[in-house]
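Asker: Here is my input, please return the structure:
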Amino acid sequence: MNKKTLFLLIGLASAQQLFAQTTNIEKETWTDKPAIHTIDSKYSKEAAVVISDTRRIEFVDASKDEIDEYYTIHKIVHINDDRGIEGFNKIYLGLSENSDIVDVKARSILTDGKVIELDKNDIKDIKEEDGNTYKIFALNGLEKGCEVEYFYTFKKSTTYFGREIVQERIPVLATTLQVIGPPRLKFEVKSYNFNVSASDTVINNKRVAQCIVKNTPGLDEEKYAYFDANVYRIEYKLSYNTSGSSTERMFTWNELAKRVYSIYTDYSDKEYKAASDLVTANGWDKLTGEVAKITAVEDFIKKSFSYNEDLNSAEGNTLTTVLHDKIGGTIGTMRLYTAIFQNLGINYQYVLSGNREKFAVDRQFEDWNNCEYPIFYFPTENKFLAPTRPDYRYPWIFPSWGSTNGLFCKKMSLGNVTTAVAEVKPVSMEPYDQTVQNLEARLELSPDLDSLSIDEKQIFQGYASVNYRDAFNYSNDEQKKNIIKELTKAFANSENILFSEVLNPGFEDETLNKPLILHTKTKSGELIERAGNKLLLKIGMAIGPQVEMYQEKPRQEPVDFEFGHIEERKIDFVIPDGYTISNPNDLKISQTYTDNGEQTMGFVCSYEIKGNLLSVHIVEQYHHEFYPMEQFDTFRKIINSSADFNKVVLVLEKKG
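Answerer: Purely as a prediction, here's the structure:
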């Protein structure tokens, strides 16, 4: 869910109950005579090392009904080489143009003791591609062995949940995180991907929750691992306000479920009647079966209404406005589906999912920030629908919203009052064998034996089909030609396309999981070579380029896949008259892994020759989205098996 939407109507609603006397915020300072730190030689090959990283989130009473939030960060970084200079000669301030800067200082400490301080007039605004404007400043005179120090404080929009990433790609020697507020406000903190203890004390009439982290290693980017999900982080949330009750927990999952249910079902009888008229006009009430109704409604809304995640105004998200303007934000879109589903008597639940690539919903720690993505769950079918993703159709949702926890809002009635209670549990994905990336190809040499005609079908189903459907539905004719050209070139090594067609590209085909098929016929000279009186067929390249994993450093993180899937390739090659294949056994590759009697991943290539037809059959499969560290070596061998097949060259020799 768009965070601005969530906290506009949910998070900020509790601010009024938290007021008391105004206090001053903590001020950041630095030493008047800085000196270069001595760095352990074990860090000599690092581009840079963070000496200290201090962060402070402070909540202060601003008035009777408001609490202000201030954020401070203070870093000292030791620069080792040119990469370090490049990484720190410009500093982005982590705030937008709408934030109020309280203080900012920065300086370079050179190896000869010279100190160059930032001129605040050199702070510039830059506009990113996302449309947001950020502040940036350059640090002058950086050299190997120097240090960079900077801190800034700004006032931000108040929320009672937060997340601090305390690991970088370079080592961090010391991190201090403080969450400060009036004594009555008790914040809880929790670490992820590592362990750290937190203290909770009241000092000078301020409650301070503090974590100190020492010697955090740098984290490398790794293939098949989500950096954000695996990085060290600390999350915090407001849990108690002792001025009211010292035992009543705040911002619970049940509270969020109730508020979400209230917001999404907030429309008038007149609006409900308008939705009812829409149901009648489209004949959805005449359809037989819940799935038929769900899919008809989804297809209509996604074709007739637009979704804008930045549409956050209350007026713009009323059901009346959404029906009139044919556009809605997150809340308006959810209200539209809700009113229609209620009219049709469909059994549904709201689910707020996390993102497996980034941050998950934790049953034990109620960080509302992580409940970003609203989806519908249909208990009768045990299926999901992604209302804010026009490129996905029931039962397919964005893969990273699945195989991770979601907050299920289960409807509950008490007398005349209907609300929801929370249950945190996994959002299941569709079975792995429903997602395929298959290939069927027939290769035949030209009469003069210098090129191949390739009749090929690339077949996509399930999660693997969505991006291609998106590309073919939202591209113009020229862009579609380029997409076909690039996909074909990857397998045939040729842009000489004689014929092409795309079958079942519609989004509505997702529901029945009809395969999206790119069928092409090409002529290519790239896969065949002459070597004296022999012919060399680069049959391994017919499956397209494959990932090859080298392991120069020990693996840090387990394996994460976007989705489980099967890749089945069938390649037929017509052996020319008078020739035989001298090395067909080079095609035999087998690498599999079995867990508790079930094969969970593997690459197996086999072949048979009947008459003059070579038939190659490859099955590569990954049943899970996650493989633990103890299975990594086998996983890497399986991944590399497909790269090994890329290297297979068949030798055709004349008979006799």
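Asker: Outside of whatever helix or strand residue 135 lives in itself, list whatever touches it.
Answerer: Here residue 135 sits within strand 133-138, counting by DSSP states H and E. By CB atoms under 8 Å, 6 or more residues apart in numbering, the surrounding residues in contact with strand 133-138 are 89-93, 95-97, 101, 106, 118, 122-128. (Each C-beta comes from the backbone N, C-alpha and C, glycine too.)
Asker: Give me the buried entries from those residues.
Answerer: Among the contacts of strand 133-138, those buried by neighbour count (16 or more other CB atoms under 10 Å) are 91, 93, 95, 106, 118, 123.
Asker: Buried residues in the strand holding residue 135, which are they?
Answerer: By neighbour count on 16+ other CB under 10 Å, the buried set for strand 133-138 is 134-135, 137.
Asker: and which of those is nearest to residue 280?
Answerer: Taking CB to CB as the measure, residue 280 sits nearest to residue 134 out of the buried residues of strand 133-138, at 49.8 Å.
Asker: And the pLDDT at the closest one?
Answerer: Residue 134 is assigned a pLDDT of 76 by the prediction.
Asker: bridging residues for it?
Answerer: Using DSSP bridges, the beta-bridge partners of residue 134 come out as residue 96, residue 126.
Asker: Check residue 620 too.
Answerer: residue 567, residue 603.
Asker: Correct me if wrong: it contacts residue 566.
Answerer: Yes: Residue 620 is in contact with residue 566 according to CB atoms under 8 Å; the separation is 7.4 Å.
Asker: tell me the strands in the stretch 151-300 of the chain, going along the chain?
Answerer: Using DSSP state E, counting those that start in this stretch, the strands of the stretch 151-300 of the chain run over residues 161-165, 172-181, 185-192, 198-203, 206-216, 233-241.
Asker: how about a markdown table for those strands, with mean pLDDT added?
Answerer: Formatted as a markdown table, the strands of the stretch 151-300 of the chain follow (pLDDT from 0 to 100):
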| stretch | mean pLDDT |
| --- | --- |
| strand 161-165 | 95 |
| strand 172-181 | 97 |
| strand 185-192 | 96 |
| strand 198-203 | 94 |
| strand 206-216 | 96 |
| strand 233-241 | 96 |
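Asker: of all those, which lies closest to residue 487?
Answerer: Per CB to CB, nearest to residue 487 of these: strand 161-165, 36.6 Å.
Asker: and that closest one, how far out from the chain's middle?
Answerer: Distance, stretch centre to chain centre, for strand 161-165: 17 Å (CA atoms, centre = their mean, to the nearest Å).
Asker: Same check on stretch 316-329?
Answerer: With CA atoms, centre = their mean, you get 28 Å for stretch 316-329.
Asker: who's in contact with that stretch?
Answerer: By CB under 8 Å, 6+ apart, stretch 316-329 touches 2, 5, 267-268, 270-272, 274-275, 278, 304-313, 315, 330-333, 335-336, 339.
Asker: cool, and stretch 191-198?
Answerer: Defining contact as CB under 8 Å, 6+ apart, one finds that stretch 191-198 is touched by 167, 189, 209-213, 216, 230-235.
Asker: Would you agree residue 80 is in contact with residue 42?
Answerer: No: assessed by CB under 8 Å, residue 80 is found out of contact with residue 42, at 11.9 Å.
Asker: and stretch 55-62, what's its mean pLDDT?
Answerer: Here the average pLDDT along stretch 55-62 is 94.
Asker: next one: stretch 242-262
Answerer: For stretch 242-262, mean pLDDT rounds to 92.
Asker: With stretch 444-452 instead?
Answerer: Taken as a whole, stretch 444-452 has a mean pLDDT of 94.
Asker: what does stretch 402-417 give?
Answerer: Here stretch 402-417 scores 92 as its mean pLDDT.
Asker: likewise stretch 543-552?
Answerer: pLDDT averaged over stretch 543-552 gives 87.
Asker: could I have the strand holding residue 135 exported to CSV, CA atoms only?
Answerer: The C-alpha trace of strand 133-138 is given here as CSV (Å, rounded to 0.1, in the frame of the first residue of the first chain):
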residue,chain,number,x,y,z
THR,A,133,13.4,16.6,-5.4
TYR,A,134,16.3,15.8,-3.1
LYS,A,135,19.1,17.8,-1.6
ILE,A,136,22.8,17.1,-2.4
PHE,A,137,26.2,18.6,-1.7
ALA,A,138,29.7,17.9,-2.9
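Asker: Against which helices or strands is whichever strand or helix holds residue 490 packed?
Answerer: Residue 490 belongs to helix 477-492 when assigned by DSSP H and E. Under the contact criterion of 3 or more CB pairs under 8 Å, 6 or more residues apart in numbering; DSSP states H and E, helix 477-492 touches strand 452-461, helix 466-473, strand 497-503, strand 516-524.
Asker: Distance to residue 203 and mean neighbour count added to these, as TSV?
Answerer: Converted to TSV, the helices and strands packed on helix 477-492 look like this (distance: least, CB to CB, whole Å; neighbours: other CB atoms under 10 Å):
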stretch	distance to residue 203	mean neighbour count
strand 452-461	60	21
helix 466-473	53	17
strand 497-503	66	14
strand 516-524	62	19
